[in-house]
Each structure stands twice: as C-alpha cells, then as structure tokens.
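Participant: let me see the structure of the following:
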Amino acid sequence: MTLLEAQEFAGANGLHSAATPEGLAAIRRPDCAATIWERRPLPRFRQWIDQVAPDRLPRARIVLRADRVCEALVDIAGVCGTPDGPERDLLIDDVSALAAIFANVMRVDYLRLRLDVVRGNACRKFHIDAVTARLVCTYRGTGTQYGIAGDGADPRRVFTVPTGSPIILRGTSWPETPVSGLLHRSPPIEGTGETRLVLVLDPVTDPGQEPDRHLMH
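Facilitator: As a prediction, the model looks like this:
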C-alpha cells in the first residue's frame, strides 16, 4: 500500500498523524480515535537496541508519578543489566519524555508503566483496550498493528506503526465517544525469532486504588 493510500485511510477513520510530539494532543479532538507521532530512531540507537541480549533489555510493570520515571528507569536498567552507555541514556530519556507528554495530554500525575520484552504472540487478537487511552511505543521489533473493523471481524486492511513511533489510542472508557472501529493488536511473531521491546503507558486517576507494591511516590 502506498503512503498516500495509508494517509487517506487514516484521515477517513480518525487516525491523526503528527510530525512533532505536540501532535499527540490531537487525541483530545472529537474526531480523533488515535494519533501517531511518526519519527525515525537514530541509526546508532536502532543498531544498539537490536543487539542487546533479550534477557538484558529493561522490563518493568509499575505505577508511579510521571516526574519519577527517569529515576525509576535508571534503577530498572541497572537491575536488568541493560548495557550502560549513551544509547541506554537515550532510551531512558525518551521513555521519560513520552511519560511527561502523555501525563500532560491525559491531565494526570500518575501513570501505569510497562516495559515488556515480547518473544511470542502477545495480544494477537484485534481489540480496543478497556482504558480511557493508552500510549504504545515499540522500541525494538515490529510495531503495533491496526485497522478498521466492526461486528467482531478482523480488519481487512492492516497497517503497522513504525518502530520508534508512539501511538495514543482511545479505549472503551474514553468519555463521550462512540466506538470508532479502530482496532489494534501486537503483531504475531511466534516462531520468527524476533524480540520486541514495547512501552505501554496508561493514565492513573486514583493511585490509591493501585496495589501498594506497584507504587512509587
């Protein structure tokens, strides 16, 4: 499919494409079901992260204030044995920046942060998340796939978010919004030998309701 066809599909189905991080705020527009900040990671970062051993990639599931993400990720990377250096710093800084942007867009102080190392078919069925909105950014491997469908069917035309490009998707709990039909999934990679590193951010409106073991103040 050509770039023009993809852009026409996006415009007709509530998918906003942005060239700057400020464009992620488009998720608050009435006609927007998802918004992608299209960007290309630095070649040296791509080369570095693709060569890190899977068991040394940072992994975490935690709830914390958006302004504590950088501090937490430094500790997480150390515990996971992620190789130290400028590229690791770039990853930490980028996740921290996306957390700050997403918290500002969603007007919350706390986020649920997941860094998942995926080597199989996780969430391979097309779906809409049971959240208000979710930010997903794939730092290594194939990006999130999406398409339009209804009545429980899978999309006939499937698109893939570029690696390194964050996407914010509205969920079923977004207020005052009809179901858009924009579905997404993790790409099926079972048996390919591929390893993905995926960041997932969800807004947390009441951190007191979260399990204490996941909280960082």
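
Participant: assign the residue sitting nearest the centre point of the chain to helix, strand or coil.
Facilitator: Centroid-nearest residue in the chain, with Cα atoms, centre = their mean: residue 136, separated by 0.8 Å. Following DSSP: H, G, I helix; E, B strand; the rest coil, residue 136 is assigned to strand.

Participant: mind listing what's buried in stretch 196-205?
Facilitator: Buried residues in stretch 196-205, counted by 16 or more other Cβ atoms under 10 Å: 196, 197, 198, 199, 200, 201, 202, 203, 204. No exception for glycine: its C-beta is placed from N, CA and C like everyone else's.

Participant: from residue 134, how far out is the closest residue to the first one other than its chain neighbours?
Facilitator: Think residue 196. In space, and not counting its chain neighbours, residue 196 is closest to residue 141: 3.2 Å by Cβ to Cβ, 6 or more residues apart in numbering. Distance, residue 141 to residue 134, using Cβ to Cβ, to the nearest Å: 18 Å.

Participant: which of those two has more residues huddled nearby?
Facilitator: More crowded of residue 141 and residue 134, by other Cβ atoms under 10 Å: residue 134, with 23 against 20.

Participant: what sits against the more buried one?
Facilitator: Counting by Cβ atoms under 8 Å, 6 or more residues apart in numbering, residue 134 touches 168, 169, 171, 200, 201, 202.

Participant: need the worst-confidence member of those.
Facilitator: pLDDT across the contacts of residue 134 is lowest for residue 171, at 92.

Participant: wait, isn't it in contact with residue 130?
Facilitator: Yes - counting by Cβ atoms under 8 Å, residue 130 is a contact partner of residue 171 at 6.1 Å.

Participant: and residue 159, how many neighbours?
Facilitator: 19.
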